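This is the structure alone, sequence omitted:
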């Protein structure tokens with residue numbers, strides 16, 4: 001597990017994706033018949049960009065994650081780089097037969113606008129072992145993802 005990364009988002013995204021690969025955590029399980037992204041996130045309305053960003057990490061969908069980033073970050077991180085990394089992760093994790101679940105823990109407003117949103121990603125190993133990681137996602141007032149940290 002990684003702890004308290006204080007690097008710019010472009011590098012954080014790659015580190016988070018590589019960290020997920022390193023611990024061999026796998027694809028997200030959707031709850032059938034609902035708009036639920038996991039047991040901990042259920043919406044009647046469209047999901048906020050931070051939730052979609054975390055869903056993209058779970059589902060190995062680099063394009064979805066890239067589209068949730070603030071424009072200034074998108075300018076620094078090529079979309080195809082995230083797509084290729086997510087594809088490599090998906091292939092590696094699929095071989096392990098592992099599953100990920102995503103739980104939204106809570107959100108706090110930021111004084112400058114936007115939110116700090118906290119999530120727990122749990123990896124479920126085939127032998128019954130679980131492994132948890134905490135993610136903090138900062139959003140701007142517009143809702144776009146400004147920063148993400150795997151703690």
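Arrived safely. From a predicted model like this one, the values you see are computed outputs, not experimental measurements. Residues are numbered from 1 along each chain as shown.

Need the nearest residue in space to residue 61, chain neighbours excluded.
Using CB to CB, 6 or more residues apart in numbering and skipping residues adjacent in sequence, the residue nearest residue 61 is residue 86, 6.0 Å away. Backbone N, C-alpha and C define where each C-beta goes, glycine included.

May I ask which helix or strand of the chain has the lowest mean pLDDT?
When the helices and strands of the chain are scored by mean pLDDT, DSSP states H and E, helix 9-22 comes last with a mean of 45.

Let me see the ranges of the helices in this structure.
9-22, 49-59, 62-68, 71-74, 79-96 (DSSP state H).

which non-adjacent residue is nearest the residue nearest in space to the middle of the chain?
Central residue of the chain (CA atoms, centre = their mean): residue 54, 2.5 Å from the mean position. Spatial nearest neighbour of residue 54, excluding adjacent residues (CB to CB, 6+ apart): residue 119 at 5.1 Å.

Tell me how many other residues surround the one you found.
Using other CB atoms under 10 Å, residue 119 has 27 neighbouring residues.

now residue 78
A count of neighbours around residue 78, defined by other CB under 10 Å, yields 12.

Run a quick check on residue 125 versus residue 100, I expect a contact.
No. If you go by CB atoms under 8 Å, residue 125 and residue 100 don't touch, sitting 10.9 Å apart.

Between the two, which has more neighbouring residues?
Using other CB under 10 Å, the more surrounded residue of residue 125 and residue 100 is residue 100, with 22 against 16.

Next one, pLDDT for the residue located most distally from the centre of the chain please.
Distance from the C-alpha centroid of the chain peaks at residue 127, with 24.1 Å (CA atoms, centre = their mean). We have a pLDDT of 92 for residue 127.

Name the nearest residue to residue 101, sequence neighbours excluded.
Counting by CB to CB, 6+ apart, residue 101 lies nearest to residue 122, which is 4.9 Å off, once chain neighbours are set aside.

about what we covered before: wait, what's in contact with the residue nearest to the centre of the chain?
Residue 54 is in contact with 37, 102, 119, 121, 135, 137, counting by CB atoms under 8 Å, 6 or more residues apart in numbering.
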